[in-house]
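Enquirer: All I have is the shape, not the residue letters:
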């Protein structure tokens, strides 16, 4: 026991232990591993806006999410509401939780496998904000004046590690 006490009283050992603790703390903060076991479920309704016509949103584009870095399923719809605003809607989303997850509208093609993991922030893309939850149904308002013809896919994007958790090609209605 005296040997361990003498070793721990050396300044170099104390410095190495302190640096190790700081590195471990930064690693935990950076990777946020607890998010792999914590699900956030969101259940938003389809947006309803009073306007002309029957008040029902019109589907402009649809897509099915495929998995990239993490298993991801669900569908994407872009809706035009009766008041002219547009919304991107994720339905039945099921993916992993993670740090700094965003919803990106991009001009990149959706590719299966590792070839598709890193492409969504390379060209034109618009962040619609942070992913509200890794499960469920959720709505993201599209900016007014956004030219949808420039964008052909949606990605659940991890900003922290620059990787797609999953993506969907948009098929115009």
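Expert: Here it is on my side, so go on. This one's a predicted model, so the numbers in the text were calculated from it and none came from an experiment.
Enquirer: Hmm, residue 41 is touching residue 133, no?
Expert: Yes. With contact defined as CB atoms under 8 Å, residue 41 counts as touching residue 133 (5.5 Å). Placement of C-beta: from N, CA and C, glycine included.
Enquirer: between these two, which one's more packed in?
Expert: residue 133 (19 against 13; other CB atoms under 10 Å).
Enquirer: Report the contact partners of that one.
Expert: Applying CB atoms under 8 Å, 6 or more residues apart in numbering, we find residue 133 in contact with 39-42, 93.
Enquirer: could you flag which of these are buried?
Expert: Buried subset of the contacts of residue 133 (neighbour count, 16 or more other CB atoms under 10 Å): residue 93.
Enquirer: So which helix or strand of the chain has the lowest pLDDT on average?
Expert: Ranked by mean pLDDT, DSSP states H and E, the weakest helix or strand in the chain is helix 11-31, scoring a mean of 58.
Enquirer: and the first helix or strand past it going along the chain, which strands flank it?
Expert: The helix or strand immediately downstream of helix 11-31 is strand 41-43, counting by DSSP states H and E. Strand 41-43 has its sheet partners listed here by DSSP bridges as strand 135-141 (parallel).
Enquirer: Note down every partner strand of the helix or strand just after the partner strand and its orientation.
Expert: Downstream of strand 135-141, the first helix or strand assigned by DSSP H and E is strand 153-158. Counting by DSSP bridges, the strands paired with strand 153-158 are strand 101-106 (antiparallel), strand 163-169 (antiparallel).
Enquirer: so how far is the last one off the chain centroid?
Expert: This points to strand 163-169. Taking CA atoms, centre = their mean, to the nearest Å, the mean C-alpha location of strand 163-169 is offset from the chain mean by 8 Å.
Enquirer: Check stretch 91-105 too.
Expert: 3 Å.
Enquirer: try stretch 68-76
Expert: Distance, centroid of stretch 68-76 to centroid of chain: 10 Å (CA atoms, centre = their mean).
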